[in-house]
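>>> A predicted structure for the sequence below; I have some questions about it.
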Amino acid sequence: MIKNEFYDGILYQIEYQKHLSNRDYTQHLVYHIKTDDESFPHAHKAIESIMNDGSWRKSEWLMKNKQEPSMVNALHSYHTFEYDEAEDVYVYTLVTPYDD
């Protein structure tokens, strides 16, 4: 299923990648985003706004866990954002840590 969203007048086509995702223990939900937005920082900001999942950027998650180690910070969801040149898509991965 493809979700079409606009941000600053630019179309973002977001598709959940079930075959790349993992819902066991630490969850990794992977999304491919097709867009004409060639600005990585702008696309990242747009996708964060569109997804609106309350996750932190991975760098923020790492920093908070280093500066203020706690279970609340350790279990907070975070995301990664990268560009896959081979697929010509941005890849947004939502990570939800699991503590057994």
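That came in fine, so what should we check first?

>>> what helices and strands are in contact with the helix or strand bottoming out on mean pLDDT in the chain?
Least confident element among the helices and strands of the chain, by mean pLDDT, DSSP states H and E: helix 71-74 (a mean of 90). With contacts taken as 3 or more Cβ pairs under 8 Å, 6 or more residues apart in numbering; DSSP states H and E, helix 71-74 sits against helix 58-67. Where you see a C-beta, it was placed from the backbone N, CA and C, and this is true even at glycine.

>>> the helix it packs on: which residues count as buried?
Neighbour counts using 16 or more other Cβ atoms under 10 Å place 61, 64-65 of helix 58-67 among the buried residues.

>>> state the distance from the residue nearest to Tyr78 when sequence neighbours are not counted to Thr35.
Nearest non-adjacent residue to Tyr78, counting by Cβ to Cβ, 6 or more residues apart in numbering: Trp61, 3.7 Å away. Noted for Trp61: a distance of 25 Å to Thr35, by Cβ to Cβ, to the nearest Å.

>>> do Met51 as well
14 Å.

>>> and the strands in this protein, which stretches?
Ranges of strands within the chain are 2-7, 10-16, 27-35, 56-57, 78-84, 89-96, based on DSSP state E.

>>> could you dump those strands into a markdown table with distance to Met71 and mean pLDDT added?
As requested, those are exported to a markdown table (distance: least, Cβ to Cβ, whole Å; pLDDT from 0 to 100):
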| stretch | distance to Met71 | mean pLDDT |
| --- | --- | --- |
| strand 2-7 | 33 | 96 |
| strand 10-16 | 29 | 98 |
| strand 27-35 | 17 | 97 |
| strand 56-57 | 15 | 96 |
| strand 78-84 | 15 | 98 |
| strand 89-96 | 14 | 97 |
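
>>> nearest to Ala46, out of those?
Nearest of the strands of the chain to Ala46, taken as Cβ to Cβ: strand 2-7 at 3.8 Å.

>>> what's in contact with that closest one?
With contact meaning Cβ atoms under 8 Å, 6 or more residues apart in numbering, strand 2-7 is reached by 11-15, 46, 49-50.
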